[in-house]
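Student: sequence and predicted model, in that order:
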Amino acid sequence: MCSTGQNFAGPGRRGHLTGVMNFLHVVGARPNFMKVAPVLAQLRKDPRVRQVLVHTGQHYDPRMSDVFFQDLGMPAPDAHLGAGSGSHAQQTAKILVEVEPVILREEPDVVVVAGDVNSTMAVALVAAKLGVAVAHIEAGLRSWDWRMPEEVNRVLTDRMSELLFTPSRDADQNLAKEGIDPNRVHFVGNVMIDSLHAALPRARESRIHEQLGVRKGEYALATLHRPSNVDEPAALERLLVALAEVSGRIPVVFPVHPRTRARLSLDATLRAKAESARGLKLADPIGYLDFLALTANARLVMTDSGGIQEETTALGVPCLTVRHNTERPVTVEVGSNTLVGTDPAQVVPAAVAVLEGRGKKGRVPDLWDGRAAERIAHILVRFCEERGR
Ligand code: UD1
């Protein structure tokens, strides 16, 4: 067993008896899938490893979940918790209650969580209280904006983790500032880029451009889903004004997240604004391969997503992030990302500059090389070996 070394014996006993290393992986929301898939695939190569995949059900629409399993070649989950939507308290509480018996039953040596969604933090909390080691993929990122629900999830998950896998050096520094033991911190690079590299050849075969009626290199791609940008009608309206201005110059493909779709359906004026803007192409959420094809061939990406800031940096596609901060500063300092805030008076000129050829190309940050999962798997296995299974 490799427990956290706390006073009580947690799960992990099965591994102690059989020589098998047990890992329990967690996915819940859309941005988790591409971070977990490469680690699952890498660990599968080791015959001593047994893996269990738990889906919390935070995201449940086929276009937010099932399509990613197909696109990323992930095995079906071994357990599905059916958490669904609700307030933060309801969603988190449901996951806490539902995952505890699964961890007790499966007796993992390590619970592996990824990213910063509610599922990440909830499962880490249950594992930590059961005395099971938690490994956090994408540790150490900080926006320093405590109003972001993900910032709360990031800080708490890191505090509860025994192994912290960081994607960039700024993350190591953040963790050091918070007093996290550097021996627990492992700079492994960005595992999302492993998925990106693996998927690019198949993404090239995507027919999404024909389906949406846009030509490669001749459109912009936009996504919006942060509560701070879409929950308040005035905030969403400002961003729709900016998108409409840009779409007057170049077609803008805008796959609409369920959260954003829900806000638009509540407000007829906003919906009309979005639907009537010339060149603004509203679409349903798009699967991984098709979205990657759209990103790779866009002239410009405008987003408030975290992961898309990274994917555009990896692809050298200019990205304008419509937020006031980013937990991924390496994408701005090294990559192709620019923080432009949410005021159309800033966003539109920045977009025009990119369209006129003054966009950032940037370069790819260190260890965003498609081999992060290899490094993570190696450290996970070594951790179990050293803890004397
Ligand atoms: C969640 C994550 C966010 C991540 C985003 C990616 C948290 C706190 N937030 O935000 O960090 O960037 O996922 O997508 O964990 N809904 C559906 N179908 C679904 C899922 C959601 O219709 O499959 C709708 C529901 O109305 C729900 C709302 O979207 O209430 C918000 O879903 P939720 O999981 O609470 O947060 P996201 O905004 O998706």
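Tutor: All right, it came through fine. Please read these numbers as outputs of a predicted model, since none were measured by experiment.
Student: buried set for the longest helix along the chain?
Tutor: Criterion DSSP state H: the longest helix present in the chain is helix 88-106. Buried residues in helix 88-106, counted by 16 or more other CB atoms under 10 Å: 91-92, 94-96, 98-99, 102-103, 106. Backbone N, C-alpha and C define where each C-beta goes, glycine included.
Student: for stretch 378-389, same thing?
Tutor: 380-381, 383-384, 387, 389.
Student: close to the ligand: what parts of the stretch 51-200 of the chain are there?
Tutor: Residues of the stretch 51-200 of the chain found near the ligand (CB under 6 Å from any ligand atom) are 58-61, 64, 85, 91, 116-118, 149-150.
Student: just the buried members of those?
Tutor: For those, a burial check counting by 16+ other CB under 10 Å picks out 58-60, 64, 91, 116-118, 149-150.
Student: the stretch 151-300 of the chain: helices as residue ranges?
Tutor: Remark: helices assigned in the stretch 151-300 of the chain by DSSP state H, counting those that start in this stretch are 169-177, 191-203, 208-212, 227-230, 233-247, 258-266, 268-276, 288-296.
Student: of all those helices, which one is nearest Gly357?
Tutor: When the helices of the stretch 151-300 of the chain are compared by CB to CB, helix 233-247 sits nearest Gly357, at 15.5 Å.
Student: that closest one and the ligand in contact?
Tutor: No. Contact of helix 233-247 with the ligand is not found when judged by CB under 6 Å from any ligand atom; the minimum separation is 13.2 Å.
Student: which outside residues touch that helix?
Tutor: For helix 233-247, contacts defined as CB atoms under 8 Å, 6 or more residues apart in numbering pick out 220, 222, 224, 228-230, 252, 254, 260, 263-264, 267, 270, 273-274, 277-280, 300, 302, 322, 342-344, 347-348, 351-352.
Student: by how many degrees do it and helix 258-266 diverge?
Tutor: 100 degrees (axes from the mean of the first three to the mean of the last three CA atoms, to 10 degrees).
Student: list the buried residues for helix 233-247?
Tutor: Buried, per 16+ other CB under 10 Å, within helix 233-247: 235-240, 242-247.
Student: farthest-separated two in those residues?
Tutor: Ala235 and Ser247 (18.8 Å).
Student: now the strands for the stretch 251-389 of the chain?
Tutor: 252-255, 280-283, 300-303, 319-321, 337-339 (DSSP state E, counting those that start in this stretch).
Student: cool, the stretch 51-200 of the chain as well?
Tutor: Going by DSSP E, counting those that start in this stretch, the stretch 51-200 of the chain shows strands at 79-80, 110-114, 133-137, 163-166, 185-187.
Student: just name the most buried of those strands.
Tutor: For the strands of the stretch 51-200 of the chain, the stretch with the most neighbours on average is strand 110-114, a mean of 29; neighbours defined as mean count of other CB atoms under 10 Å.
Student: residues from the stretch 201-350 of the chain in reach of the ligand?
Tutor: Residues of the stretch 201-350 of the chain found near the ligand (CB under 6 Å from any ligand atom) are 225, 257-259, 262.
Student: name the helices or strands packed onto the longest helix of the chain?
Tutor: Where contact means 3 or more CB pairs under 8 Å, 6 or more residues apart in numbering; DSSP states H and E, helix 88-106 is packed against strand 21-27, strand 49-55, helix 118-129.
Student: circling back: for ChimeraX, what selects the buried ones among the contacts of helix 233-247?
Tutor: Command for ChimeraX that selects the buried part of the contacts of helix 233-247, burial taken from 16+ other CB under 10 Å:
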select :220,222,224,229,230,252,254,260,263,264,270,273,274,277,279,280,300,302,322,342,344,347,348,351
